[in-house]
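Q: The sequence and its predicted three-dimensional model are supplied below.
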Amino acid sequence: MSNQGSDPGIVARFLEKLFSQECASFKARAFEIHNNAIRDLFGDKVEVKTIGDAEKFTTQTLSNRAEALAFLRDVELSRSTACTKANLQSSRSHCIMKFFLSRMNTVTFVDLAGSERYDGDADESACREATAINTSILHLRNVIRSKNGGSHVQYKNALITKALEADFEAPGSFIMFFVTASPLEKDSAELLRTLTFAEELRQVKRKVANEMAIPRTPRTPHAPRTPRTSRALCGSPVGSPKPGNSARKRTRIV
């Protein structure tokens, strides 16, 4: 996702595009979720246990293309990786990068660790990593199913879902998913599971409360009405509409 050089990834292309348009400086933060712990990928590389503490991680100001790509390179070098049967350099953590472009405009990139099956030959550390990855992705899948089904969403069950709660729930946000899969016949079972997950992702429903509503103008309080009497006013019978009111309609904006 973050590769640079001749074949840049999505994040690198995003940063290149920003600075090609003479974008002003902005702040960035990056951290990973690895084995149920959260680690800063920039600055002091500290490790914490809650998403709230992750908000205190180092924030870097990026003022030009060189600073942005250096930030991206440091994040990639700091991330937890390992050699697996499926990949020589497999990401063993979920990586989250946030770019604060303005007070109301934040772009979040999430690179999920690959869900892989391990046989009895894997060591204890690899099994623990795989269990943490698969469990967190399962909770993310449950969040997506809950949102699609309209039931209560349990964000608190995993760190990755807690970290993404604000992005899922923000009115007016845009969410885009990319899934990668192997076309090899030996990986057909994994391919089917990946495509099934991708189909669920397509059905994500976001909260868009009042984002398209027209703001209402506060009503001016009316003066107290004068009690009616049995006497006709200006020649009109009591209770009859005033001239022109019969054609007036009241429209309520919801």
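A: Structure's in. What do you need?

Q: What is the helix or strand bottoming out on mean pLDDT in the chain packed up against?
A: Least confident element among the helices and strands of the chain, by mean pLDDT, DSSP states H and E: strand 90-91 (a mean of 80). Strand 90-91 sits against strand 81-82, with contacts defined as 3 or more C-beta pairs under 8 Å, 6 or more residues apart in numbering; DSSP states H and E. (Glycine included, C-beta is placed from N, CA and C.)

Q: which helices and strands does whichever helix or strand comes after the least confident helix or strand of the chain pack with?
A: Toward the C-terminus, strand 90-91 is succeeded by strand 94-102 as the next helix or strand (DSSP states H and E). Counting contacts by 3+ C-beta pairs under 8 Å, 6+ apart, strand 94-102 is packed against helix 10-20, strand 26-34, strand 105-111.

Q: buried set for the first one?
A: Along helix 10-20, the positions that meet the burial threshold by neighbour count (16 or more other C-beta atoms under 10 Å) are 11-12, 14-15, 18-19.

Q: go on, the second one?
A: Neighbour counts using 16+ other C-beta under 10 Å place 26, 28-34 of strand 26-34 among the buried residues.

Q: what's the next helix or strand after it in contact with?
A: Downstream of strand 26-34, the next assigned helix or strand under DSSP H and E is strand 37-40. The contact list for strand 37-40 (C-beta atoms under 8 Å, 6 or more residues apart in numbering) reads 30-32, 45-51, 53-54, 57-58, 80, 93, 159.

Q: can you tell me which of these are in helices?
A: 51, 53-54, 159 (DSSP state H).

Q: Cool, thanks, talk later.
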